[in-house]
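J.: Build me a model:
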Amino acid sequence: MIKLRRSEDRGHADHGWLNSYHSFSFADYYDPEHMGFGSLRVINEDTVQPGMGFGTHGHRDMEIVSYVLDGKLEHKDNMGTGSIIAPGDVQRMSAGRGVQHSEYNPSRDERVHFLQIWIEPSVTGIKPSYEQKHIPASEKKGRLRLIASPDGRDGSVTLHQDAEIHAAVLDSGDETTHVLKNGRRAYVHVARGNVHVNGERLVHGDAAMVVGDAKVTLDRAESAEVLLFDLT
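T.: I've put the predicted structure just below:
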């Protein structure tokens, strides 16, 4: 079974310095039918203006993943981490028993466009931690590349949850299939372009929830970048 979540049905907040689309209930946007999908709790598509960003604030007991599409994002936290996140980078911050951090657009003239993803952890109260990996676009071209997993295999960042995130860059002629193990489900988010998911056409910002099917096939794409979440 496949259920679609169209881009135009997402929550939207335009704060001037921040333009944000919410796939699930977040902040002032509340939709009881879209509170998350399995352990996947948040997908926010954020565009931040030059020199602006999220000031220092706190999180607890959440796996926070940032995936930059365009521009750069500057991260700082009270664990002593300072980094720049660029396209191809995957950032994972485990908030655990508490962390303070900020995220800014360091550019004077370019916007940063990124996905902020929250996954509920399987354990709480752990020591906060940070991890960042670079996954070249060539490794995502025409196939699903693992970028986050419970065991950090294949160069992915490590999640404290039985969840995987795969990324693909697809164009005309590309086709890739992800096999779901028994009892698992998938959430497919189109970060840009358009693609068919199990025969359904999705465009930028759309998502598909796949439950009860053994396979998820992505094909007939046009300049698409896609994230696939494999969840219990």
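
J.: what residue ranges in this structure score low on pLDDT?
T.: Nowhere does the chain drop to pLDDT under 70.

J.: Quick check: longest strand in the protein by residues?
T.: strand 215-231 (DSSP state E).

J.: so what does it touch, helix or strand wise?
T.: If you count contacts as 3 or more CB pairs under 8 Å, 6 or more residues apart in numbering; DSSP states H and E, strand 215-231 packs onto strand 163-170, strand 176-179, strand 185-197. In this view, the C-beta of every residue, glycine as well, is placed from N, C-alpha and C.

J.: Direction included, what does the longest one pair up with?
T.: Just to be clear, that refers to strand 185-197. strand 200-203 (antiparallel), strand 207-211 (antiparallel), strand 215-231 (antiparallel) (DSSP bridges).

J.: residues in contact with the first one?
T.: Read that as strand 200-203. Strand 200-203 has contacts (CB atoms under 8 Å, 6 or more residues apart in numbering) with 2, 4, 7, 188, 190, 193-196, 208, 220.

J.: out of the residues you listed, who has the most neighbours?
T.: Val195 (28 neighbours; other CB atoms under 10 Å).

J.: From Ser156, how far out is it?
T.: 22 Å (CB to CB, to the nearest Å).

J.: Need the max-distance pair from the contacts of strand 200-203.
T.: Greatest spatial distance in these: Ile2 and Gly193, 19.0 Å, computed using CB to CB.

J.: Just the element for the closest residue to Val123 other than its chain neighbours, please.
T.: Spatial nearest neighbour of Val123, excluding adjacent residues (CB to CB, 6 or more residues apart in numbering): His160 at 5.6 Å. If you go by DSSP states H and E, His160 is not part of any helix or strand.

J.: any idea how far His160 is from Ser122?
T.: In terms of CB to CB, His160 sits 6 Å off from Ser122.

J.: now do Ile147
T.: 19 Å.

J.: These two: who's more crowded?
T.: A direct count of neighbours by other CB under 10 Å for Ile147 and Ser122 places Ile147 higher, at 25 against 14.

J.: dump the residue contacts of that one.
T.: Per CB under 8 Å, 6+ apart, neighbours of Ile147: 67, 90, 133, 135, 156-157, 165-167.

J.: residues near Ala186, how many?
T.: 24.

J.: Now for the nearest residue to Met209 once chain neighbours are set aside, how many residues are close by?
T.: Closest residue to Met209 apart from its sequence neighbours, by CB to CB, 6+ apart: Lys3 at 4.5 Å. Neighbourhood size, Lys3 [other CB under 10 Å]: 11.

J.: Verify the stated contact: Val42 with Trp118.
T.: Yes. Using CB atoms under 8 Å, Val42 makes contact with Trp118 at a distance of 3.6 Å.

J.: And the residue nearest the centre of this structure?
T.: Ile117 (4.4 Å; CA atoms, centre = their mean).

J.: which residues pair with that residue across the strands?
T.: Ile43, Val65.

J.: got a list of what it touches?
T.: 40, 42-44, 64-67, 165.

J.: any idea how far it lies from His59?
T.: 13 Å.

J.: likewise Gly155?
T.: Look at Gly155 and His59: by CB to CB, they are 25 Å apart.

J.: same check, this time on Asp213
T.: Taking CB to CB, one finds Asp213 at 34 Å from His59.

J.: and the two? which has more neighbours close in?
T.: A direct count of neighbours by other CB under 10 Å for Asp213 and His59 places His59 higher, at 18 against 13.
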